[in-house]
Every structure is written in C-alpha cells, then in structure tokens.
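Visitor: next comes the sequence, and after it the predicted model I'd like to discuss.
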Amino acid sequence: KPKGSPPKKMNLWDGDLLTRVKRGDMKTLCQLDARGLTPAPGEDAEGFAMRLEALQQRFQEFQRDIGSSSGISLEGLKVDAASEIPRENRREPNRQTERLYGFECDWVPGFFCNPRASWLFGGCTYTFPPTLFTVFIIGERLRTKKRHLFYDRDEILAHEVCHVARASLNSTEFEEHFAYQTARSAFRRSWGGIMHTQMDSFAFMLACLALVVCQLLNATCHALPAWTGWTVFAATALFFVLRHARTRHVFKKALENLKKACKGDERRARILAFHATDRELHQLAKAKDINALLQKFTDLRWKIALQGRMKE
C-alpha cells in the first residue's frame, strides 16, 4: 500500500475471501490488515481463515440480533440498532488511525451506551474469545455533541478501534500507550496510558482511600500517624509513574530502531510497532541489528506488516 493512500475497501464477508486467506494470498491479507484484521501471534493462514469464518458467522448473528425488538445484552448493557454509532461519526477517527497506524476499522459494531455509574465514562471495548469478535461502546452524551467534559468523540472512537485492531495480541503493557496516541492533547499522548488495566485503577483508588482512612483515624483516635496514608499513596503513585516512564522509554527505543529499518519513515515504523506484542517491543528496543531481528520474526502477522516496508 503506497504511503499515505487510503486502504482499498473490500467486502469482508465475500464468499471467496476465506479461500484466498487460506492459501496465503498476500494482497488479501494486506487488505484485511488495513481494515484492522490481523493474524494472532503464531496463527498461520489456515488458522486465520478458520477464525475469520467463525467471526463472519458471529457477526451475522450479532447483526440479526441487534435488529430485533429486544436488542442484545453486552454483559448486562442493552444495545440495539437505534443506539448504533452512525457511519458519518466514524470517518474522522478512521482517518486518524490510518494516518497513525495504517488501518481503518470501519466494520466493527459500535454503540452509544452508558454503563452504571457512568458520569465519567468515556468508552470501552468488549472482545469475545475465541473468534475475537469485538464490540465497543462510548458514552451516550457524545451522541449529540462532539465534546463532553474532557472527552472528545472522535478521539474516543479512534482510541477504541486501536484496541479492536490489536485485540489478537493480548497486550497489556503498551496497549493503552498505543491507543492514547490518538489524543489531541500532548499530555494525554504522553501520560494517558499510565494505567494498564482495571486492576491498576482499583489499586490507585485504594491508595486514595487509604490516605483518607488514615487521616480520619489520626483525627479521631490517633491510631495511625498522619504520614502513613501519605506514604502508601506516594509509593503507589511513584510505582505507576516509574513504570510508565519505563514503558515510554522502551517504546521510544523500539520506534527509533524501526525508523532505521524503514529508512527514516516514522509512519511506517509506527505501523510495524503497532503489530508487535509486548515481548517483541522489548526485543525491538534492545536490538543492535534491527534488520537481523526483523528477519527472525517469521509469523504471518509480521510477513504482512513487513510487506509494505519491503516495497518502499
């Protein structure tokens, strides 16, 4: 795919698609990759074709159910055809992900929906093994306006489809860092990915709660010294800051090495990095000879990712 050109649209549910994928047709595989559908680590052409066939069936079932009067339940959240995000709302986010990572994920279902306690809710993605069928939701308040509080609809949509495109990689360390590169704010691009999982958020909330509890105990019965809560809070915050600083350092080194392999083309380097697992990003960051390392990446996923770079 030439640099900067939009991905060629193809019918993802074409009857001949699975045959072409199964025989490893590189043109078809690159077109799928440009739509956010990439083989998982260790997945060959036949395994990828089998997963796509199951994904097609799951998608068709979902489309049928979503059009019914009762809609469908996503872990207790009801979504229906009326709440589906219009195609026109997804054009600018698609352009953003194409510019950053070389894909437009315009096929995955997305909905306006609010979970419980949703005052600060922006969006989230649901992925269902083994087909990796994926659905995402964003806050209902963004249906009628592009911005709400510190949330931007285009930014959240681009963020969530980054998770969709990388769903097969089972990434945690770098996942949020990739997704937050779609942010308009330089601060969010730098620090938005500091929390890797829900457990990280819970840990930080517990540290905040410990701070409050210690202050109350100190004020009422002097059971704990005042500095106890601050120590727990500071230690937790320091852990997240240092871990994120390391994540950013590793990512930066990996991107610098990939730029060397891509003759200075930063966009192509980002596209390659986007296909990497957490372990592979650490390998890319440490590589002394980046081209020699890339030659060792023999997964079908990497053959597809490297196809565009080899043609430049």
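Guide: That came in fine, so what should we check first?

Visitor: now do the strands in the stretch 1-150 of the chain.
Guide: 72-74, 77-79, 110-112, 123-128, 133-138, 147-148 (DSSP state E, counting those that start in this stretch).

Visitor: looking at those, which is nearest to A210?
Guide: Nearest of the strands of the stretch 1-150 of the chain to A210, taken as Cβ to Cβ: strand 123-128 at 26.6 Å. (Glycine included, C-beta is placed from N, CA and C.)

Visitor: hang on, the earlier thing: now the strands of the stretch 1-150 of the chain as a markdown table including mean neighbour count?
Guide: Putting the strands of the stretch 1-150 of the chain into a markdown table (neighbours: other Cβ atoms under 10 Å) gives the following:
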| stretch | mean neighbour count |
| --- | --- |
| strand 72-74 | 16 |
| strand 77-79 | 17 |
| strand 110-112 | 23 |
| strand 123-128 | 17 |
| strand 133-138 | 23 |
| strand 147-148 | 14 |
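
Visitor: what are the pairing partners of the helix or strand of the chain with the lowest mean pLDDT, and which direction each?
Guide: Every helix and strand of the chain was ranked by mean pLDDT, DSSP states H and E. The lowest is strand 147-148, at a mean of 76. Its sheet considered, strand 147-148 pairs with strand 151-152 (antiparallel) by DSSP bridges.

Visitor: re earlier: out of the strands of the stretch 1-150 of the chain, which is closest to F251?
Guide: Short answer: strand 123-128, nearest of the strands of the stretch 1-150 of the chain by Cβ to Cβ, at 20.7 Å.

Visitor: need the pLDDT of R184.
Guide: Here, the pLDDT recorded for R184 equals 90.

Visitor: helix/strand/coil for it?
Guide: Following DSSP: H, G, I helix; E, B strand; the rest coil, the label given to R184 is coil.

Visitor: in what helix or strand does R188 lie?
Guide: helix 186-191 (DSSP states H and E).

Visitor: columns distance to W227 on top of the strands of the stretch 1-150 of the chain, output as a markdown table?
Guide: Listed next are the strands of the stretch 1-150 of the chain as a markdown table, based on distance: least, Cβ to Cβ, whole Å:
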| stretch | distance to W227 |
| --- | --- |
| strand 72-74 | 44 |
| strand 77-79 | 43 |
| strand 110-112 | 46 |
| strand 123-128 | 37 |
| strand 133-138 | 41 |
| strand 147-148 | 39 |
